[in-house]
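Student: Got a predicted model here, sequence first, then my questions.
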Amino acid sequence: MTDTASRARQRGGTPPVRRKGELSPLAKAGKELDERLPAARGTRSLLNKVFPDHWSFMLGEIALYSFIILLLTGTYLTFFFDASMGDVVYNGTYVPLRGITMSEAFSSTLKISFDVRGGLIMRQIHHWAALLFVAAMLVHMLRVFFTGAFRKPRETNWIIGSTLLMLGIVEGFIGYGLPDDLLSGTGLRITQGIIQSTPIVGTWLSYLIFGGEYPGTEIIGRFYILHVLLLPGIILALVAVHIALVTVQKHTQFPGPGRTERNVLGERVLPTYGAKAGGFFAIVFGVLALMGGLFQINPIWLYGPYTPSQVTSGSQPDWYFGAFDGIVRLWPAWETRFPDYTIPAAFWAVQIPTIVIVGMMFYPMIERKLTKDNAHHNLLQRPRDVPVRTGLGVMGLLFYFVLVASGGNDLIATKFQISLNAMTWIGRIALVVLPPLGYWITYRICLGLQMHDRTVLEHGIETGIIKRLPSGEFIEVHQPLGPVDSHGHGTLQYAGAPVPKKMNTFGGVGRRMIGFFRPVAELPPPPKTNGDAQPEDARPKELAGTSSGGSSSDSSVDSTED
Amino acid sequence: MNDGSATEPTPEQLEQMSREEQMLAGAQADGVHILHRRDRFPVPGTKAEKRAERQVAALFGLTFLGALAFMVCYVAVPWKFKLGDNNGYKWYTPALGISLGVALLGIGCGAVLWAKKLMPEEEVAQDRHDDPSTEFDMQTTGSTIVQGLVDTGLGRRKVLTRSLGLGAGAFGLAALFPVVGGLIVRPRGELDHTLWRKGVRLVQVDGTPLRPEDMEPGSLATVFPNVPDGTTNAYAPTMLIRLRPGTVIKTRKGQQNFQWGDYVAYSKICTHLGCPVSLYEQQTNRILCPCHQSQFDVLQDAKPIFGPATRPLPQLPITVDADGYFIARSDYIEPVGPAFWERKNP
């Protein structure tokens, strides 16, 4: 009998010796259930599902949890919101706006903020959750991009994810428009101008969306049903497919000891992963509750109701719309004119983000085509190992950051005492110059990091110990990571996992370090980093040695049979 | 999920197993290999274990206190807004946020800490099983699909296939009609006209008409046509500017007599994307759109001199009626606001 089994005996108590036909109430309920819907096997394999553990895998979870919080808080808000553009004279609690004519939508948003007990915090949590939802999706997407997690077989999920990001942005923008306040009304006005700028169908499209001449009386009602039914429904369905695909295809993992293309290493759903994920949902909710309570967001009573003749200086959209605002600010006055027809400058401006978005969506196919890499990938790549992709990612990010910054260039100009016109020109030039520059620098950094990894594998870790040779020469002592050849060069090959570069770090087995800032418990020495192609049973013995009753997969079978 | 390598234990063997052994056998059947599993605290009741337990319990206790505080704050803190009255209203939302946040963070951090510090430490490998289907499965599935289609006779019975295609296609199109048709609104040239007409008075937002002597030199007033919906219409808002004496405007051809003395009127709707161009710089006679920073020079008949706008702000011809109030001499002579496809370029 193995250690595991004997320990199990101690902990699990005596074997469950039951008299025939006598079941515990729980087992009885399970049996009744299974007789109707045979689910024992499916349930067990779901609870045994293994999730790899890496901090960057939590980003998608944040997006999922903020979406759930959006559904919860949003449903509450619908109890009080009135999506009508009908005029009312405000006579509510907020004195400064009394006697002002406004839409029912604006008035009911004031009601939520002032006359519903706890309504304001619900509104603010909802708004913060929306901002977090889009942000988490974007950062999650960056993680997937830079680690190559989108490669075959996961291209479909990349496209679904990109679609979700776009839908999230649209859903957020529409929700931001619902209160019919001056700030969002200004954003809506700009959006209408962009829609109207479409060649040939622009005017018809704008009339179709607004039900006539802008602003009309229908847009808030239409936005409402899109915001609370249609778009959340589509998002929910796509989220379900997204998660189903992750479940079926299983999560990717970083290379490391014992991790291969054919397995996934981590923790099972029950109990550890489930407890952590459930706890993390509460943490995300808790942070959003704190933000909703402490940080004011979208104080519509300070903006006032929408009217086409007014605007406030420094008008800013929510952050995820900043890039779109940035491009229309930067785009020069290049209008295409025919005698009877016009293609407005704004149309050309929005083609830029459109091209970037389409390129992003189809990036997996483009990369597969260019690299001719048609292999099945479950192991992630370190960004440094794919300099071209990493460079392209940085290029896209810089492009995006310039646009976001330009979306607030008037505020930057005010706060930093820079000429507004200079800010526009800085943005225009930076948009063209920075991305290629960023690509080149990133490419060089990646190559440098790659070379350093190989240097350490060949010569060992710098110990910081300076030795004086009899000849008088000073050399630094290097600690080899593994066996060395006759020249004293390390024989370990790079396998895509982090290489330890300082004494007392563990490189590829970093995950097993206990403690956040420094190791707080004694750990096994670093195993060989070439775990990539090893079958599980060739796992370094040290890992198994740490367990009090170490068991390979085989010994656990033994234990069940003796 | 069974990878076939593990043989299921017999019922007799199963009966002999402990609960944990049964769990391990189940994992084995699911292709889940528990490489490493041990209790965080193999010796029960150590100081470290008790400390970890106390930490988690303290966090759950925080949740209890937070939830309690939330209920108390919800009921006890004054929540009604009163202007200028410091009745504690401003603490209501922060109090709810802090108590709710503490309650949620307590249970969340507690659960994570519980998993990290007290639940058994595991290192588990699961087989992926993501090989493509077997040749047999693929061939037979393909044959099933194709044979099924052949059995329907879709390819063979040309008349049936074509009539079905025709019918289904027409029906699909018919379904689109009410969906799109109900939404389509025919533009009737509204974009070429505004509410301004000959003789309509220029009024302020509260409806009071304006006389020349109401404005200081160098000042700007937002004016609306004195017609129903004049102040809420999206294309009618107009800026009436009184120039400083001696300011000469380089007017566009055919618009020389649009101004009245030192008074000029331009559309307030930006020709870029329709924001109200609100910022008038008296000293430089420039108008700035706060949305995308287009700048218009009043001295050059509101021509765009910087930023994304491509067209000058349309000018409204004005004069003064017999009672001494400003009136429009006609509508704008060109479309107001953002450009569109049908906009002519004479």
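Tutor: That came through fine. Residues are numbered from 1 along each chain as shown, chains lettered A, B, ... in the order given.
Student: what helix or strand does A:T424 sit in?
Tutor: If you go by DSSP states H and E, A:T424 is part of helix A:420-459.
Student: Just list what that helix packs against, helices and strands only.
Tutor: helix A:322-330, helix A:387-407, helix A:409-415 (3 or more C-beta pairs under 8 Å, 6 or more residues apart in numbering or on different chains; DSSP states H and E). Glycine gets a C-beta too; all of them are placed from N, C-alpha and C.
Student: If we use 6 Å, what do you get?
Tutor: helix A:387-407, helix A:409-415 (3 or more C-beta pairs under 6 Å, 6 or more residues apart in numbering or on different chains; DSSP states H and E).
Student: hey, which of the ones you listed is tucked in deepest?
Tutor: Mean neighbours per residue, mean count of other C-beta atoms under 10 Å in any protein chain shown, is largest over the helices and strands packed on helix A:420-459 for helix A:387-407, with a mean of 20.
Student: Skip the chain neighbours and tell me the closest residue to residue 192.
Tutor: Defaulting to chain A. A:Y214 (4.9 Å; C-beta to C-beta, 6 or more residues apart in numbering or on different chains).
Student: Chain B, not that one
Tutor: B:P335 (5.2 Å).
Student: how far away is the residue most central in space within chain A from A:I62?
Tutor: Geometric centre of chain A, nearest residue: A:H140, 2.1 Å, by C-alpha atoms, centre = their mean. Look at A:H140 and A:I62: by C-beta to C-beta, to the nearest Å, they are 8 Å apart.
Student: ditto for A:V394
Tutor: A:V394 is 23 Å from A:I62, by C-beta to C-beta.
Student: what number of residues lie near B:M138?
Tutor: Using other C-beta atoms under 10 Å in any protein chain shown, the number of residues around B:M138 comes to 11.
Student: What residues does the residue of chain B at minimum distance from chain A make contact with?
Tutor: Using C-beta to the nearest C-beta, the closest approach of chain B to chain A is made by B:G97 at 0.9 Å. For B:G97, the contact set (C-beta atoms under 6 Å, 6 or more residues apart in numbering or on different chains) comprises A:121, A:289-290, A:292-294.
Student: what helix or strand is residue 138 on?
Tutor: No chain specified, so I'll use chain A. helix A:119-146.
Student: Let me rephrase: I mean chain B.
Tutor: helix B:135-152.
Student: Give the next helix or strand downstream of that helix.
Tutor: helix B:158-181.
Student: Report the secondary structure state of the most centrally placed residue in chain B.
Tutor: The centre of chain B sits closest to B:C291, judged by C-alpha atoms, centre = their mean, with a distance of 17.3 Å. Here B:C291 is recorded as coil under DSSP: H, G, I helix; E, B strand; the rest coil.
Student: Need the nearest residue in space to it, chain neighbours excluded.
Tutor: B:C275 (3.7 Å).
Student: And that neighbour, how far from B:T63?
Tutor: Distance of B:C275 to B:T63, given as C-beta to C-beta: 48 Å.
Student: Which one's more surrounded, those two?
Tutor: Of the pair B:C275 and B:T63, B:C275 is the one with more neighbours under other C-beta under 10 Å, namely 25 against 20.
Student: and the more buried one, what does it touch?
Tutor: A:311, B:289, B:291.
Student: ok, now with 7 Å
Tutor: A:186, A:189-190, A:311, B:289-291 (C-beta atoms under 7 Å, 6 or more residues apart in numbering or on different chains).
Student: least trustworthy position among the residues you listed, going by pLDDT?
Tutor: Scanning those for pLDDT, the low point is A:V311. It has 88.
Student: Am I right that that residue is in contact with B:P276?
Tutor: Yes. A:V311 sits in contact with B:P276 when judged by C-beta atoms under 7 Å, with a separation of 4.7 Å.
Student: Quick check: phi and psi at A:S103.
Tutor: A:S103 adopts backbone torsions of phi -80, psi 160, taken as degrees, to the nearest 10.
Student: could the contacts of B:C275 be laid out in CSV, adding distance to B:T141?
Tutor: Below are those laid out as CSV (distance: C-beta to C-beta, whole Å):
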residue, distance to B:T141
A:T186, 56
A:R189, 55
A:I190, 52
A:V311, 61
B:C289, 62
B:P290, 62
B:C291, 57
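Student: Check these against A:G99 and report the nearest one.
Tutor: For the contacts of B:C275, the minimum distance to A:G99 (C-beta to C-beta) is 22.3 Å, reached by A:V311.
Student: Would you double-check that the closest one falls in a helix?
Tutor: No. Counting by three-state DSSP, A:V311 falls outside a helix, being coil.
Student: Need the nearest residue in space to the residue of chain B closest to chain A, chain neighbours excluded.
Tutor: Nearest one to B:G97, counting by C-beta to C-beta, 6+ apart, is A:G293 at 0.9 Å.
Student: mind listing what the one you found touches?
Tutor: A:121, B:93-94, B:96-98, B:100-101.
Student: per-residue confidence at it?
Tutor: pLDDT, A:G293: 97.
Student: List phi and psi for it.
Tutor: According to degrees, to the nearest 10, A:G293 has phi -80, psi -30.
Student: try B:L279
Tutor: phi -90, psi 110.
Student: mind checking how far it is from B:L183?
Tutor: From B:L279 to B:L183 the distance is 37 Å (C-beta to C-beta).
Student: show me the contacts for the residue nearest to A:Q192.
Tutor: A:192, A:206, B:234.
Student: cool, and A:C446?
Tutor: A:383-384, A:387, A:390.
Student: Would you mind listing the two of these that lie farthest apart?
Tutor: That would be A:P383 and A:P387, which, of these, are the farthest apart (C-beta to C-beta) at 8.5 Å.
Student: For B:T194, state which of the contacts of B:C275 is nearest.
Tutor: Of these, the one sitting nearest to B:T194 (C-beta to C-beta) turns out to be A:R189, at 15.7 Å.
Student: Checking my notes, that closest one in a strand, right?
Tutor: No. Secondary structure of A:R189 (three-state DSSP): helix, not part of a strand.
Student: my guess is it contacts B:P276, does it?
Tutor: No. A:R189 is beyond contact range of B:P276, at 8.6 Å (criterion: C-beta under 7 Å).
Student: Which strand runs longest in chain A?
Tutor: strand A:461-468 (DSSP state E).
Student: Quick one: residues in contact with it.
Tutor: Contacts for strand A:461-468 (C-beta under 7 Å, 6+ apart): A:474-479, A:481, A:500-503.
Student: Out of the residues you listed, which end up buried?
Tutor: Among the contacts of strand A:461-468, those classed as buried by 16 or more other C-beta atoms under 10 Å in any protein chain shown are A:478, A:481, A:500.
Student: so can I have JSON lines of the residues you listed showing secondary structure?
Tutor: Listed next are the buried ones among the contacts of strand A:461-468 as JSON lines, based on three-state DSSP:
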{"residue": "A:H478", "secondary structure": "strand"}
{"residue": "A:L481", "secondary structure": "coil"}
{"residue": "A:P500", "secondary structure": "coil"}
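Student: Please convert those residues to JSON lines, extending it with pLDDT and distance to B:S219.
Tutor: Output for the buried ones among the contacts of strand A:461-468, formatted as JSON lines (pLDDT from 0 to 100; distance: C-beta to C-beta, whole Å):
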{"residue": "A:H478", "pLDDT": "90", "distance to B:S219": "78"}
{"residue": "A:L481", "pLDDT": "85", "distance to B:S219": "78"}
{"residue": "A:P500", "pLDDT": "85", "distance to B:S219": "72"}
